[in-house]
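A.B. asks: Output the structure for:
(chains A and B)
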Amino acid sequence: MKAPAGPPPTPLLEVNGISVRFGAVQALERVSLEIRRGEIVAIIGPNGAGKTTLLNVVSGFYHPYEGQILFEGRDRTQLRPYDVAALGVARTFQNVALFKGMSVLDNIMTGRLLKMRGSFLLEALYWGPAMKQELEHRASVERIIDFLEIQAIRKASAGKLPYGLQKRVELARALAAEPKLLLLDEPMAGMNVEEKEDMCRFILGVNDEFGTTIALIEHDMSVVMDISDRVIALDYGRKIADGRPDEVRADQGVIDAYLGVAHA
Amino acid sequence: MLDLAYAVLVAPFKDMVGAPSFLVEVLIGGLAAGLMYSLVALGFVLIYKASGVFNFAQGVMVLFAALTLVGLMERGAPLVAALVLTMGVMVALAFAIERVVLRPLVNQEQIILFMATIGLNFFLEGFGELVWGSNVKKLDVGIPDTSFMAWGVQVNRLELTAAITAAVLVAILAVFFQRTRVGRALRAVADDHEAALSIGIPLNTIWIVVWSVAGLVALVAGIMWGAKSGVQFSLSLIALKALPVLILGGFTSVPGAIVGGLIIGTGEKLAEVYWGPLVGGAIENWFAYMLALAFLLVRPQGLFGEKIIERV
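C.D. replies: Below is the predicted model of the structure:
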């Protein structure tokens, strides 16, 4: 399908044996995985399995005490979140982290901050190249707004929107950065069926149209089976399965984890 | 009863119309004082916008900046050199605050950061006195505290200079924060730390920028107030006058700090001059707070503040 000729290229993201501990809690234990270019990977697991921790480590909010993270083949285990963002990793949060006081448009524009260059003075005067730049960014933001079908709420204050739309705006802000890797933490949590279907459509569309590699955490199994190329299952901070959706669904370890078989 | 109504509602306005050039003088004095309140309020707004912290130490930063400037001049530094050095000190202070206070407390509750700024307040107060002494110092910036006549109106040179400086500074800051990408980044940081980090805004850099700017604003305010009333501990108390300005203008709005300051400055001068005699004076001392209280009841987010959104 997407198999290129010749030797396999380096994966976009490689996670090699990372461990994270919070006090006495072992949140992640020697987890290794890789995410290849163009994939949609779902990360599943029961509550407290370490899914969000894994996302936070990849996006630089936490740092593992052992193990290594490679992005495009380069070690970036210890980078700070804003450095990770600058490398081309964008993310959304489990409980929507929008700039609530700003308009939807301004929220999405902040996603382009890393792409903006030039002199503050010119920006302040809104003159010359600065004006041209602002207009260019505005145009690309408008494309994203069209793509995610949020034209009508462009000027609305983000904090006032219903939850489902807030999640969509958050996705828009992440897309505005034109990321190579997009991390979505429960993009469909708290949504009704219709909103979930829309979100699935958008995620597939992003992957398809922009070629963005996507890793997402999701609880809804039907969604996971529908949209992901590969599924990684975590339980108690360890990776217990990694493979095609149907394989992982049939995996005895995954079934046990979800059904709550006693851990010896 | 009728006499009282007349004295409150009619007589003051008759006085205003009767002596227009005096009214203009009062207004000018009020606007000048208002701009100086705005300067102090601006320091609060900048930091509040960027770190969501109400910086209790802003008033002491004004004092500390003025003390440093005077202290350096007393030790023989010429005005310009002392000014540049003091600016350096304020920027260094911003770096220190970021490193020692803000960075370890990232993602903590607002109240914890607020407590930290109270600590900072007392530290700076003590540190300033330790280094520069606690006696009242005179600050001479070379502008005489005298008046000249313009179109039949008395204008104080020092107040005029202060007003112009404040206006220019405020205009630059307003444009900087409204129009530039740093301004947008700042608003983002103020709103949500985590989200700001995730879109590539280096929080620590933004904090240093903001605290530096707030420090420089404090320096300007310290020079203006210090030149007027001497550099002494009471300088830190003008921060209290900035509170009603903030309530009026909104904690998050640069234009709000200015308009709020102007309203309070002129309002209290007018009240003092025209209504003061009715109650034996001293209206100036409480007018701002009463106005702020009234505002809190009607429009808690202030004139220009972001509307308080609460989803239930």
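A.B. asks: got the residues of chain A near chain B?
C.D. replies: Within reach of chain B by C-beta under 8 Å from any C-beta of the partner chain, chain A has these residues: A:59, A:61, A:80-82, A:85-86, A:90-91, A:93, A:97-102, A:106, A:109-111, A:113-114, A:116, A:120, A:123-126, A:157, A:159-160, A:173-174, A:177. All C-beta spots, glycine's among them, are computed from the backbone N, C-alpha and C.
A.B. asks: so of those residues, which ones are in strands?
C.D. replies: A:90-91 (DSSP state E).
A.B. asks: filter the residues of chain A next to chain B to the buried ones?
C.D. replies: Buried subset of these (neighbour count, 16 or more other C-beta atoms under 10 Å in any protein chain shown): A:59, A:61, A:81-82, A:85, A:90-91, A:93, A:97-102, A:106, A:109-111, A:113-114, A:116, A:123-124, A:157, A:159, A:173-174, A:177.
A.B. asks: How are the helices of the stretch 1-150 of chain B distributed by residue range?
C.D. replies: Under the criterion DSSP state H, counting those that start in this stretch, the stretch 1-150 of chain B carries helices at the ranges B:2-5, B:11-18, B:20-51, B:58-74, B:79-97, B:110-132.
A.B. asks: got the residues of chain B near chain A?
C.D. replies: Counting by C-beta under 8 Å from any C-beta, the residues of chain B near chain A are B:175-176, B:179-182, B:184-185, B:187-188, B:190-192, B:194-203, B:252, B:306-307, B:309, B:311.
A.B. asks: Could you rerun that using 6 Å?
C.D. replies: B:175-176, B:179-181, B:184-185, B:188, B:191-192, B:194-195, B:197-202, B:306, B:309 (C-beta under 6 Å from any C-beta of the partner chain).
A.B. asks: Can you report how many residues neighbour residue B:41?
C.D. replies: 33 (other C-beta atoms under 10 Å in any protein chain shown).
A.B. asks: nope, residue B:96 is what I meant
C.D. replies: Neighbour tally, residue B:96, other C-beta under 10 Å: 13.
A.B. asks: Quickly note the distance from it to residue B:90.
C.D. replies: Residue B:96 sits at a distance of 11 Å from residue B:90 (criterion: C-beta to C-beta, to the nearest Å).
A.B. asks: Then residue A:77?
C.D. replies: Residue A:77 sits 37 Å away from residue B:90, going by C-beta to C-beta.
A.B. asks: burial measure for residue B:297, as a count.
C.D. replies: 7.
A.B. asks: meant to ask about residue A:29
C.D. replies: Residue A:29: 18 neighbours (other C-beta under 10 Å).
A.B. asks: what do you get for the one 4 residues further on?
C.D. replies: Counted with other C-beta under 10 Å, the burial measure for residue A:33 works out to 20 neighbours.
A.B. asks: before we move on, which element is it in?
C.D. replies: strand A:25-35 (DSSP states H and E).
A.B. asks: Can you work out which other helices and strands pack against that strand?
C.D. replies: Judged by 3 or more C-beta pairs under 6 Å, 6 or more residues apart in numbering or on different chains; DSSP states H and E, the packing partners of strand A:25-35 are strand A:13-22.
A.B. asks: cutoff 8 Å now
C.D. replies: strand A:13-22, helix A:51-58, strand A:66-71, strand A:238-243 (3 or more C-beta pairs under 8 Å, 6 or more residues apart in numbering or on different chains; DSSP states H and E).
A.B. asks: Quickly run through the sheet partners of whichever helix or strand comes after it, with directions.
C.D. replies: Using DSSP H and E, the helix or strand that follows strand A:25-35 in sequence is strand A:40-44. Sheet pairing for strand A:40-44, assigned by DSSP bridges, gives strand A:213-217 (parallel), strand A:230-235 (parallel).
A.B. asks: then the last one to CSV, C-alphas only?
C.D. replies: Extracted C-alpha coordinates of strand A:230-235, given in CSV (Å, rounded to 0.1, in the frame of the first residue of the first chain):
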residue,chain,number,x,y,z
ARG,A,230,-1.7,-0.2,13.6
VAL,A,231,-2.6,-0.5,17.3
ILE,A,232,-0.3,-0.5,20.3
ALA,A,233,-1.7,-1.7,23.6
LEU,A,234,-0.3,-0.7,27.0
ASP,A,235,-1.1,-2.1,30.4
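A.B. asks: Now find how far off-centre it is within its chain.
C.D. replies: 15 Å (C-alpha atoms, centre = their mean, to the nearest Å).
A.B. asks: Taking helix A:51-58 as reference, get the angle to that strand.
C.D. replies: With axes from the mean of the first three to the mean of the last three C-alpha atoms, to 10 degrees defining the directions, strand A:230-235 sits at 110 degrees from helix A:51-58.
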